[in-house]
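Quick check, what structure comes out for this input:
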Amino acid sequence: MECYLKDRGKVESFKEFRLQDGATIGVFQGSRGERPELDIIVKYRDKNTKTRTPRTPQHIHWAIDLLIKKEHNKDLVKKFVKYLLDMWGRAEPFRNKEEQQRCELKYTNPDNLKEFEKLNQYGEHSVEFIGRILELIMIQEKTGSAKAHMFKGVLEAIYNDEDIFSIVSRATFKGR
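Here you go, the predicted structure:
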């Protein structure tokens, strides 16, 4: 996958994941955080991407998708979010360049997500897409800062049935 990055022009992803729903997730070299040489940028192209330019996943996008799914099957979404929170606890930052370049996803293969597939009939994204994007973001946040917490806070807010305003506020918070 190719994309344009402001500081580097056109660049190629060093890793791509092709999903069952036709979406492609690309992983690019990033430059932020406490270990900028191990940072990643995650972008995707799916059925809703109207241009060749891949999109950057935002917390608000997957949070809203989970809320839509939750309106249709609250128990299964809570179980899925619990799975994601457990994954947060197990996901580890990249320790070296080799790990970063391999960019192996350990928790979101189709077999692990099979029990949640019923949720694919609601919202925009498949559970495979949400799971893989979120596993990459977890790794990205944990690699960038030992203090990363925003992502986990959004998941906890959804799991704890917080009001929509609280969830949206957490998912769109820009302060650092």
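
Which parts of this protein are helices?
For the chain, the helices defined by DSSP state H occupy 59-72, 74-90, 97-102, 110-113, 127-144, 150-159, 164-172.

Make CSV from these and add mean neighbour count and mean pLDDT to it.
For the C-beta atoms, the positions are set from N, CA and C on the backbone; glycine is no exception. As requested, the helices of the chain are arranged in CSV below (neighbours: other Cβ atoms under 10 Å; pLDDT from 0 to 100):
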stretch, mean neighbour count, mean pLDDT
helix 59-72, 19, 94
helix 74-90, 16, 96
helix 97-102, 13, 96
helix 110-113, 14, 93
helix 127-144, 23, 93
helix 150-159, 20, 88
helix 164-172, 16, 88
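
So which of these is nearest I25?
Closest approach to I25 among these is made by helix 127-144 (5.9 Å; Cβ to Cβ).

got the angle between the closest one and helix 59-72?
Compare the direction of helix 127-144 with that of helix 59-72 by axes from the mean of the first three to the mean of the last three Cα atoms, to 10 degrees and you get 140 degrees.

Mind giving me the packing neighbours of helix 127-144?
Applying 3 or more Cβ pairs under 8 Å, 6 or more residues apart in numbering; DSSP states H and E, one finds that helix 127-144 contacts strand 24-29, strand 40-45, helix 59-72, helix 74-90, helix 110-113, helix 150-159.

From the rest of the structure, what touches the longest one?
Contacting residues not belonging to helix 74-90 are listed as 66, 69-70, 106-108, 115-116, 118-119, 127, 131, 134-135, 138, 151-152, 155-156, 158-159 [Cβ atoms under 8 Å, 6 or more residues apart in numbering].

what angle sits between it and helix 59-72?
Here helix 74-90 points in a direction 140 degrees away from that of helix 59-72 (the same axes, to 10 degrees).

Please export the C-alpha coordinates of helix 74-90 as PDB.
Taking Å, rounded to 0.1, in the frame of the first residue of the first chain, the C-alpha atoms of helix 74-90 are listed here in PDB:
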ATOM      1  CA  LYS A  74     -25.300  -5.800  23.800                       C
ATOM      2  CA  ASP A  75     -24.100  -9.100  25.400                       C
ATOM      3  CA  LEU A  76     -21.900 -10.100  22.500                       C
ATOM      4  CA  VAL A  77     -20.400  -6.600  22.100                       C
ATOM      5  CA  LYS A  78     -19.600  -6.600  25.800                       C
ATOM      6  CA  LYS A  79     -17.900 -10.000  25.400                       C
ATOM      7  CA  PHE A  80     -16.000  -8.700  22.400                       C
ATOM      8  CA  VAL A  81     -14.900  -5.600  24.200                       C
ATOM      9  CA  LYS A  82     -13.800  -7.700  27.200                       C
ATOM     10  CA  TYR A  83     -11.700  -9.800  24.800                       C
ATOM     11  CA  LEU A  84     -10.200  -6.500  23.500                       C
ATOM     12  CA  LEU A  85      -9.500  -5.300  27.000                       C
ATOM     13  CA  ASP A  86      -7.800  -8.600  27.800                       C
ATOM     14  CA  MET A  87      -5.800  -8.300  24.600                       C
ATOM     15  CA  TRP A  88      -4.800  -4.800  25.800                       C
ATOM     16  CA  GLY A  89      -3.300  -6.400  28.900                       C
ATOM     17  CA  ARG A  90      -1.300  -9.000  26.900                       C
END
